[in-house]
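Colleague: Need coordinates for the below:
(one chain, ligands or ions: 2)
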Amino acid sequence: MTPFALTVNGRAVELLAEPRISLADVVRDKLDLTGTHLGCEHGVCGACTLLLDGVPARSCITYAVACDGAEVTTIEGLDEDDITTELRAAFAREHALQCGYCTPGMLVSARDLVMRLPDADERQIRVGMSGNLCRCTGYVGIVRAVSSVIAERRARGIAPQADGGRKCLGPVGSGHGPETAARLAQGVPSIARSAAPAAVLTIANVTPAITIEQSFEIAHSPEQVFALFGNLAAVASCLPGASLTKADDPRHVEGAIGVQIGPVVASFAGSARIERNAADLSGRIVGSGQDQRSRSTTQGEICYRLTPLAGGASTRVDLSIGYTLTGMLAQVGRSGLVRDLARRMVTEFAGNLDRKLRGAAPGERVASRTINGWSLLLGVARERLARWLGGTVGG
Ligand code: FES
Ligand code: FES
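Modeller: Residues are numbered from 1 along each chain as shown. Ligands and ions are numbered 1, 2, ... in the order given. Okay, here's the model as predicted:
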């Protein structure tokens, strides 16, 4: 997985993707922007056309990670755009669509022509739209629609823009958007190596490969526990191996978690989005991280819900821990082993949480610096052996 950043429809996003993944798959599958359609997936039909740094591009043959720093505008991002609004009306008026599958790509390409062409020349429109195929309409209505919008805008005194709003020179998707240009000027060539990643407004949702359910009870009220869960520095100090590098925004945190499994020492650095719901005392943390040394990557989410026990004197904490691990450390992702490790980590977290709520000194670190996989594994092995011996004797 490779980390990269985009500005999609005006929002900054940080993402992880395999280098072979197309931009179309990223906007559709990771960002839920399904207005970008896939037809041929070979760069022929134009159904996947979107704007990359202001230039129409075929997102099915554009590698997403190669667009690091680029501005992406999908058809959803053109909802309020004047030209696209006029084109939508003209497409409806001129019967320029039937099934509509080609229409998002058509609108993106047509918008570029409306901006650039000085007049409504049918030949130029047909040439300009020749990269967008339609299996339904026969193109006559499409050409009429585009032609009418160009003619109306020129009649209203709106001059063409020779560059069509292009923000950079060079091949589409070459990553020369304003953000990347600024980073290059500062000698920071890639977000993957950036010491200070760009501010994250959105972290995409994840679909974990493995989900582990854990619960523990703690002798403090749900309100106390929920309040502490809102203090990210306090939570990190209770979590074995965790440390924060940025926690000034309660909705977003950056940090690292250290893991040692035998000879392999890994430190996953990444960022997470925090969601909290005070009404039902629940919350969700969605994030991703990468260990540069082992080239392992993880994406995951932790969901929690607090339930009052004993009339509110104590609390049951239900956790759902979901993750996907790739790279060298994925070999420890066998769910039975990880389930045991997670149970012991949660037990350690609960103990630290209890100590914190009972008044450990402010700022005092109650958790160890690194999750020591050996000691956890030895504990797991010890417990399994005891269970097995107990079962044998009992049998
Ligand atoms: S799906 Fe991209 S060009 Fe056909
Ligand atoms: S309207 Fe159906 S493919 Fe164009």
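
Colleague: Relative to the whole chain's centre, how far out is stretch 317-325?
Modeller: Distance of stretch 317-325 from its chain centroid, counting by C-alpha atoms, centre = their mean, to the nearest Å, is 17 Å.

Colleague: and the host helix or strand of Gly289, what does it pack onto?
Modeller: Per DSSP states H and E: Gly289 is located in strand 282-291. Applying 3 or more C-beta pairs under 8 Å, 6 or more residues apart in numbering; DSSP states H and E, we find strand 282-291 packed against strand 11-17, strand 202-203, strand 252-261, strand 264-277, strand 296-309. The C-beta positions use only the backbone N, C-alpha and C, and glycine is treated the same way.

Colleague: would you turn those strands into a markdown table with mean pLDDT, distance to Val65 and mean neighbour count?
Modeller: A markdown table is the format used below for those (pLDDT from 0 to 100; distance: least, C-beta to C-beta, whole Å; neighbours: other C-beta atoms under 10 Å):
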| stretch | mean pLDDT | distance to Val65 | mean neighbour count |
| --- | --- | --- | --- |
| strand 11-17 | 88 | 6 | 19 |
| strand 202-203 | 53 | 17 | 19 |
| strand 252-261 | 75 | 20 | 20 |
| strand 264-277 | 79 | 16 | 19 |
| strand 296-309 | 85 | 13 | 20 |
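
Colleague: For Asp163, find the nearest of these.
Modeller: Asp163 lies closest, by C-beta to C-beta, to one member of the helices and strands packed on strand 282-291: strand 11-17, at 24.9 Å.

Colleague: Direction included, what does the closest one pair against?
Modeller: Sheet pairing of strand 11-17 (DSSP bridges) gives strand 2-8 (antiparallel), strand 202-203 (parallel).

Colleague: What residues does the stretch 51-200 of the chain have near ligand 2?
Modeller: Residues of the stretch 51-200 of the chain lying near ligand 2 by C-beta under 6 Å from any ligand atom: Leu97, Gln98, Cys99, Gly100, Tyr101, Cys102, Cys134, Arg135, Cys136, Thr137.

Colleague: who's in contact with the first one?
Modeller: Shown in contact with Leu97 (C-beta atoms under 8 Å, 6 or more residues apart in numbering): Phe91, Thr103, Met106, Cys134, Cys136, Thr137, Gly141, Ile142.

Colleague: Give me the contacts around stretch 81-95.
Modeller: Stretch 81-95 has contacts (C-beta under 8 Å, 6+ apart) with 75, 78, 96-97, 103, 106-107, 110-111, 114-115, 137, 141-142, 144-146, 148-149, 152-153.

Colleague: List buried residues within the residues you listed.
Modeller: 75, 78, 96-97, 103, 106-107, 110-111, 114-115, 137, 141-142, 144-146, 148-149, 153 (16 or more other C-beta atoms under 10 Å).

Colleague: Quick one: the helices in the protein, in order.
Modeller: For the chain, the helices defined by DSSP state H cover 23-25, 82-93, 103-116, 122-128, 140-155, 178-185, 222-229, 232-238, 335-357, 373-394.

Colleague: What lies in contact with the first one?
Modeller: For helix 23-25, contacts defined as C-beta under 8 Å, 6+ apart pick out 36, 38, 41, 48, 50, 52, 57, 59-60, 62-64, 67, 72, 173.

Colleague: got the residues of this protein near ligand 1?
Modeller: Proximity of the chain to ligand 1 (C-beta under 6 Å from any ligand atom) is limited to residues Leu38, Gly39, Cys40, Glu41, Gly43, Val44, Cys45, Gly46, Ala47, Cys48, Arg58, Cys60.

Colleague: Of these, which belong to strands?
Modeller: The strands, defined by DSSP state E, take in Arg58 from the residues of the chain next to ligand 1.

Colleague: you'd agree Gly131 is up against Ser109?
Modeller: Yes. Under the criterion of C-beta atoms under 8 Å, Gly131 makes contact with Ser109 at 6.7 Å.

Colleague: low-scoring stretches of the stretch 251-395 of the chain, by residue?
Modeller: Applying pLDDT under 70 to the stretch 251-395 of the chain flags the ranges 259-265, 293-296, 327-341, 360-395.

Colleague: Please consider this matter closed, and thank you.
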